[in-house]
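**Student:** Build the 3D model from these lines:
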Amino acid sequence: MGIESELTANSPIKDEIFILQFSWSGPAPKAGQFFMVRPLRSSVFLARPLSVFQYSAQSGTVKFLVAKRGRGTEEMAQMRVGEKVELTGPLGNSWEGFLPAEGKVALVGGRVRIAPLTGLVEEHPEYDFHFYAGFRRAFREKEEEAAMLGAAVNAKKIVVTAEDSWTPLRGLITDFFDEKNDYNAVFACGPVPMLKAIKEKCEKAPSGGLPCFVSLERRMACGEGACLGCTVRTVNGNRRCCYDGPIFAAGELLFDE
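**Tutor:** Numbers count the residues shown, from 1 in each chain. All right, here's what the predicted structure looks like:
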């Protein structure tokens with residue numbers, strides 16, 4: 001059962017990407033978890049799964065980083081402050097259960113899928129986080145970049161790449177991720193080809209293999225494991241992305257099937 005919440009801000013960033021901020025009086029979400037979000041004024045029947053981008057207990061708000069991809073997210077982009085949604089969550093597991101006891105952790109994100117990673121920097125300032133973020137187009141304003149990275153701007157090291165010609169770091173984020181940097185763990189979220197490449201780099205690390213964990217994105221109907229609509233194939237059989245994940249050990253996943 002969801003909680004009726006109010007839109008308190010709708011902030012466009014760039015390239016049809018925007019940040020939605022809602023009031024939230026329910027349980028505190030952790031970085032890596034997600035909500036099922038359904039505007040009350042909508043022509044779309046099913047809610048959309050959105051990863052937590054930022055959460056503030058002080059202001060009682062939760063933010064989501066969203067890209068327009070279809071009718072559901074198009075409706076969200078057009079929402080006005082004061083409109084209501086039904087928020088169901090927080091759902092799924094969090095990065096916290098996969099953190100090493102101490103040390104240096106690489107966070108690797110692609111496009112808006114950096115959202116599940118950003119809050120971890122704020123939740124655990126005691127860790128040495130290196131944040132790698134890859135985008136299709138470079139940021140022309142520092143304010144755009146800061147808004148997109150959220151709390152990750154406080155990471156000890158930040159590497160931002162783009163696939164166009166507006167930045168000196170031109171190319172895919174996988175080209176710039178340094179698996180030889182003596183990391184204790186790697187957390188990643190992004191397109192499947194990116195996740196597969198990061199997994200392979202971690203497996204070939206000089207230390208004999210880096211622990212690698214990834215957050216997956218799937219279409220979901222319920223978000224709570226009942227409908228079996230978000231099946232993930234693993235070496236241990238089929239798993240549910242929403243209920244058993246969305247975070248999995250990369251070595252368990254069958255990316256080629």
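**Student:** switch to C-alpha atoms for all contacts and neighbour counts from now on
**Tutor:** Fine.
**Student:** so where's the stretch 1-150 of the chain shaky on pLDDT?
**Tutor:** 1, 42-45 (pLDDT under 70).
**Student:** make it 90
**Tutor:** Along the stretch 1-150 of the chain, the model assigns pLDDT under 90 to residues 1-2, 14-16, 38-48, 68-75, 102-103, 136-144.
**Student:** Just the helices from it, written as ranges.
**Tutor:** 71-77, 115-123, 142-149 (DSSP state H, counting those that start in this stretch).
**Student:** can you pull the contacts of the most centrally placed residue in the chain?
**Tutor:** For the chain, residue 116 is the residue whose C-alpha lies nearest the centre (C-alpha atoms, centre = their mean; 2.6 Å). Contacts for residue 116 (C-alpha atoms under 8 Å, 6 or more residues apart in numbering) come out as 31-33, 51-53, 189, 215.
**Student:** Longest strand of the protein, counting residues only.
**Tutor:** Looking across the chain with DSSP state E, the single longest strand is strand 3-14.
**Student:** Would you map the strands across the stretch 151-257 of the chain?
**Tutor:** 157-162, 185-189, 212-215, 231-234, 237-240, 247-249 (DSSP state E, counting those that start in this stretch).
**Student:** I'd like these written out as TSV, with mean neighbour count, mean pLDDT and distance to residue 127 added.
**Tutor:** Listed next are these as TSV, based on neighbours: other C-alpha atoms under 10 Å; pLDDT from 0 to 100; distance: least, C-alpha to C-alpha, whole Å:
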stretch	mean neighbour count	mean pLDDT	distance to residue 127
strand 157-162	18	93	12
strand 185-189	26	97	11
strand 212-215	26	97	16
strand 231-234	19	92	30
strand 237-240	16	92	30
strand 247-249	21	97	19
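**Student:** per-residue pLDDT, residue 257?
**Tutor:** If you check residue 257, the pLDDT there is 53.
**Student:** about what we covered before: what's the closest of the helices of the stretch 1-150 of the chain to residue 242?
**Tutor:** Nearest of those to residue 242, taken as C-alpha to C-alpha: helix 115-123 at 13.8 Å.
**Student:** Could you tell me the angle between the closest one and helix 142-149?
**Tutor:** Helix 115-123 runs at 90 degrees relative to helix 142-149, counting by axes from the mean of the first three to the mean of the last three C-alpha atoms, to 10 degrees.
**Student:** now for the longest strand of the chain, which elements pack on it?
**Tutor:** If you count contacts as 3 or more C-alpha pairs under 8 Å, 6 or more residues apart in numbering; DSSP states H and E, strand 3-14 packs onto strand 17-23, strand 84-91, helix 142-149.
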